[in-house]
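Peer 1: sequence plus the predicted model coming up.
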Number of protein chains: 2
Amino acid sequence: MWCVQRRLSEFKGFVFDIDGVLKLGDKPIKGAAEAITFLQHENRKVAILTNNATRSRKGIVDEMKRIGINVGIDEVFGSACGAARFIKHEFGGGKAFVIGERGLREELKAAGIKLLPASKAANADFVVVGLDRTFNYKKLDAALTATMNGAMFIATNEDARLPIEKGAKPGAGCMVAALSTCAKKKPDVVIGKPHPYLLEMAIEAMGLKKSELVMVGDGIETDIAMANAAGVYSVLVLTGNAPRKAELARLPRELKPSHVLNSVSELPSNW
Amino acid sequence: MWCVQRRLSEFKGFVFDIDGVLKLGDKPIKGAAEAITFLQHENRKVAILTNNATRSRKGIVDEMKRIGINVGIDEVFGSACGAARFIKHEFGGGKAFVIGERGLREELKAAGIKLLPASKAANADFVVVGLDRTFNYKKLDAALTATMNGAMFIATNEDARLPIEKGAKPGAGCMVAALSTCAKKKPDVVIGKPHPYLLEMAIEAMGLKKSELVMVGDGIETDIAMANAAGVYSVLVLTGNAPRKAELARLPRELKPSHVLNSVSELPSNW
């Protein structure tokens, strides 16, 4: 697929990663809002797909609005919402102990999943782990008790770091690794990129075929790996985590993007 | 070495693991104190070797005294003391950011190593990580900053779990895994078992040859692996984490103990 470069104007839907693509830290990427508006004027479907589980879909819609991008709640696919949908879809509901922030808790509650405090974690059907900046030993201990009692271990994502303007902060992958170590197993399910669950959710919701869709991201091992694995056309932008151009040539086939742009701002001029 | 079973009375020194060997949770192992007293009456050197970095050597001496075992501070080799000795021996000292409890902090301070608060972690020469039951995201973030600035990453041990009478608690390995994930590297040094650093420290301090020493432990992948790798006669006891006897036969060569006892209490009767 990545051997034959296609015109971007051929596609009916465009799915965007946020961090490093539409914004970096708190700053919008120059020209990102204009590119999204261009696509919407061209009657293309636009969606947002993010591993970030600290915000609910509503939170992400608001975050996008602040940088001039208008998307609806149904056009946002985050790993918090993905985790809630997974539990509801596969098990009909249940009780969860959560390592995670407000967005994740809100999405789970909205899906009718009962959230347990640490003292009741032993009774959980699921342990759901996302980025939690209030993470501590007590939560880890409660999550271990839950998994030892047979709870399913669901990770929203395994991102090692959260990119910020200067440097990096620990990502959800650190919390997942801490629990994996004492639980002596990997997560039973990972919702976020590079796993295809969120992209499949987006494709279904957008009512498109895989061949009609583009995934735009800055992460080789997340966005591009996911798109390639799912058979979706992948566009790499070089505004975030992406490698230098010279390194791109040396990437293995499964990590090579179909298409490279310096920034999403180039999207309209490459139409 | 493990093919030729030797008489235990041939050896001049006996090194003991604590958890699962001399005590289990808060309870002493029956006959353990008598076995140690027997060895001391037979003029054998006795030492304690533990991955536990939450207690200083003084704390371990007191802990042993409570279960009727008299050892001196110089007969205790813990990973807290090992980490302090490693830094002092290899680098002469320096500044450390610590994820760990009082025992680790005390040993480092006693060795003249300056401990930095989280707000100053960026200036650390070393990040020392042990079991920390007050571990939280802020500490992880500070440790990430330190390692990104080039601090050496020292793990006291990588134990996944802390055995307790009923079940288990998360061990130091969870804190190490969390930092490894965001730092994107394994520890530069691991002090505790199965790494041989503590055993080498004990052998040197006891003034014995490797062939004159026995390592007594319950952990196949910690005590026995360490002893075998170091070429030290290994005695497995079945009071703690050890596998069933039937499983022992299937262990690979590097994990097979030289000798098996049901408990340390059998030591005098197997003299």
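Peer 2: Yep, that arrived.
Peer 1: phi first, then psi, for the residue of chain A positioned farthest from its centre.
Peer 2: The centre of chain A is farthest from one residue, A:Ser119, which by Cα atoms, centre = their mean lies 30.0 Å away. Main-chain torsions, A:Ser119, degrees, to the nearest 10: phi -70, psi -20.
Peer 1: nearest residue to it in space, please, no chain neighbours.
Peer 2: Nearest residue to A:Ser119 in three dimensions, chain neighbours excluded: A:Ala142, at 7.7 Å (Cβ to Cβ, 6 or more residues apart in numbering or on different chains). (Each C-beta comes from the backbone N, C-alpha and C, glycine too.)
Peer 1: isn't the one you found right up against A:Phe135?
Peer 2: No: shown here, A:Ala142 and A:Phe135 do not form a contact pair, counting by Cβ atoms under 8 Å, at 11.5 Å.
Peer 1: out of those two, which sits in the busier spot?
Peer 2: A:Phe135 (27 against 20; other Cβ atoms under 10 Å in any protein chain shown).
Peer 1: that one: what's it in contact with?
Peer 2: A:99, A:175, B:136-137, B:140 (Cβ atoms under 8 Å, 6 or more residues apart in numbering or on different chains).
Peer 1: follow-up on the earlier one: and the residue farthest from the centre of chain A, how far from chain B?
Peer 2: Remark: distance between A:Ser119 and chain B (Cβ to the nearest Cβ, to the nearest Å) = 15 Å.
Peer 1: just say helix, strand or coil for A:Asp132.
Peer 2: coil (DSSP: H, G, I helix; E, B strand; the rest coil).
Peer 1: now swap in A:Val15 and tell me
Peer 2: strand.
Peer 1: which residues does it bridge with?
Peer 2: Beta-bridge pairing for A:Val15 (DSSP bridges): A:Ala47, A:Met215.
Peer 1: same deal with A:Val128?
Peer 2: Counting by DSSP bridges, A:Val128 is bridged to A:Val98, A:Ile154.
Peer 1: measure it to A:Glu107 for me?
Peer 2: Between A:Val128 and A:Glu107 the distance is 10 Å, computed by Cβ to Cβ, to the nearest Å.
Peer 1: show me which of these two is the more surrounded one.
Peer 2: Just comparing A:Val128 and A:Glu107: by other Cβ under 10 Å the higher neighbour count belongs to A:Val128, 33 against 27.
Peer 1: go ahead and flag the most central residue of chain A.
Peer 2: By Cα atoms, centre = their mean, the most central residue of chain A is A:Asn51, 2.3 Å off.
Peer 1: OK, contacts around that one?
Peer 2: A:Asn51 makes contacts with A:78-79, A:156-157, A:159, A:172, A:192-193, A:198, A:222, as judged by Cβ under 8 Å, 6+ apart.
Peer 1: specify which member of these is nearest to B:Cys182.
Peer 2: A:Asp159 (9.4 Å; Cβ to Cβ).
Peer 1: tell me the pLDDT at that closest one?
Peer 2: Per-residue pLDDT puts A:Asp159 at 93.
Peer 1: cool, and A:Gly173?
Peer 2: On the pLDDT scale, A:Gly173 gets 98.
Peer 1: then A:Val127?
Peer 2: On the pLDDT scale, A:Val127 is placed at 98.
Peer 1: go ahead and confirm it touches A:Ile154.
Peer 2: Yes: checked against Cβ under 8 Å, the pair A:Val127 and A:Ile154 is within contact range at 6.8 Å.
Peer 1: any idea how far A:Ser9 lies from A:Ser269?
Peer 2: To A:Ser269, A:Ser9 is 12 Å away according to Cβ to Cβ.
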